[in-house]
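Visitor: Compute the structure for the input listed below.
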Amino acid sequence: MRRLLYAVTGLAAFAFLPSGAKAQDAEFGCRILLCAASQNPSWQGVPYCVPPMKKLIRDMAKPGFSWPICHEAKAGKPGHEQYEECPAGSSVGYSESGREGANRTPNKCVQIVDRCENRGDFQARYGDADANDRANIKVRTLHNGRGNLSDSGCKVQITMPRPQRSNPYFFDIPNDKDDKERFWFNLRT
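Guide: Model prediction:
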C-alpha cells in the first residue's frame with residue numbers, strides 16, 4: 001500500500017489532478033498506470049479500474065495498438081518479463097525451436113553440480129542421475145570435448161523449467177525522491 005501511495009503521490013503532482021486523485025479522474029494513460037500500480041488489491045479488485053483495464057486489453061488485440069502513456073508520471077510504456085529469475089547458482093538456459101533453432105526461449109534454469117562431493121544430498125535432491133526426467137528436472141552427465149566423462153563423471157548439468165511470473169508486466173514509476181520503483185501487474189480478467 002505504501003508503494004502505491006508513492007505512485008499516487010507522484011501522479012497527483014500533475015497540475016490538472018487534485019491531491020486526492022483517483023483513477024477515474026485521470027486521462028486514460030494515467031488511469032491505466034494508476035490501476036496497474038494497484039497492488040493490494042490488484043486492479044481486478046478495484047471496481048473503477050476494471051472497465052479501463054478491460055478496454056486496454058480489448059484495444060491490445062486491434063491492429064496498430066499503441067500503449068496509452070501517462071506523460072506526467074514519466075513512466076513510459078510497461079516492461080514485460082515472462083520468467084522469474086533463476087535460483088542462485090543457476091544460469092538461464094534456452095529452448096530452441098523452429099528451423100535450425102531460430103527461436104530461442106529463455107525458459108530454463110541450468111546448473112552444473114558435482115554429484116560426487118555430497119552423494120547423499122545429490123541423491124535426495126535429484127534422484128538417480130541416469131533417470132532422464134524427474135519432476136521436469138533433467139540431469140545430464142557432462143563429457144569433455146573428446147567424448148570422455150569430465151572429472152570422472154562427477155559433473156552433471158541440472159536443467160529445470162524456469163518459473164513463470166504471475167505478474168509479468170511492470171511499470172517503473174519515479175517516487176517523490178525520483179527513484180524508480182517497480183510495480184508488477186498482469187492483464188488477466
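
Visitor: my guess is residue 160 is in a strand, correct?
Guide: Yes. Residue 160: assigned to a strand according to DSSP: H, G, I helix; E, B strand; the rest coil.

Visitor: what does the model give the closest residue in space to it that isn't next to it in sequence for pLDDT?
Guide: Distances taken as CB to CB, 6 or more residues apart in numbering put residue 137 closest to residue 160, at 4.7 Å, once the chain neighbours are dropped. The C-beta positions use only the backbone N, C-alpha and C, and glycine is treated the same way. The score at residue 137 is 72. That number is its pLDDT.

Visitor: Residue 137: neighbouring residues, count only.
Guide: Using other CB atoms under 10 Å, the number of residues around residue 137 comes to 16.

Visitor: For it, which residues count as its bridge partners?
Guide: Beta-bridge pairing for residue 137 (DSSP bridges): residue 134.

Visitor: Next, work out how far apart it and residue 44 are.
Guide: Separation of residue 137 from residue 44 (CB to CB, to the nearest Å): 33 Å.

Visitor: What segments of this protein are helices?
Guide: Counting by DSSP state H, the chain has helices at residues 2-12, 28-37, 50-60, 119-126.

Visitor: quick one, longest strand in the protein?
Guide: For the chain, the longest strand by residue count, based on DSSP state E, is strand 103-114.

Visitor: Dump the C-alpha coordinates for that strand into PDB.
Guide: Provided in PDB are the C-alpha atoms of strand 103-114 (Å, rounded to 0.1, in the frame of the first residue of the first chain):
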ATOM      1  CA  ASN A 103      13.600 -19.200 -31.900                       C
ATOM      2  CA  ARG A 104      15.400 -19.200 -28.600                       C
ATOM      3  CA  THR A 105      13.200 -19.000 -25.400                       C
ATOM      4  CA  PRO A 106      14.900 -18.300 -22.000                       C
ATOM      5  CA  ASN A 107      12.600 -20.800 -20.200                       C
ATOM      6  CA  LYS A 108      15.100 -23.000 -18.400                       C
ATOM      7  CA  CYS A 109      17.500 -22.700 -15.400                       C
ATOM      8  CA  VAL A 110      20.800 -24.600 -15.700                       C
ATOM      9  CA  GLN A 111      23.200 -25.500 -13.000                       C
ATOM     10  CA  ILE A 112      26.500 -27.500 -13.100                       C
ATOM     11  CA  VAL A 113      26.700 -29.700  -9.900                       C
ATOM     12  CA  ASP A 114      29.400 -32.000  -8.600                       C
END
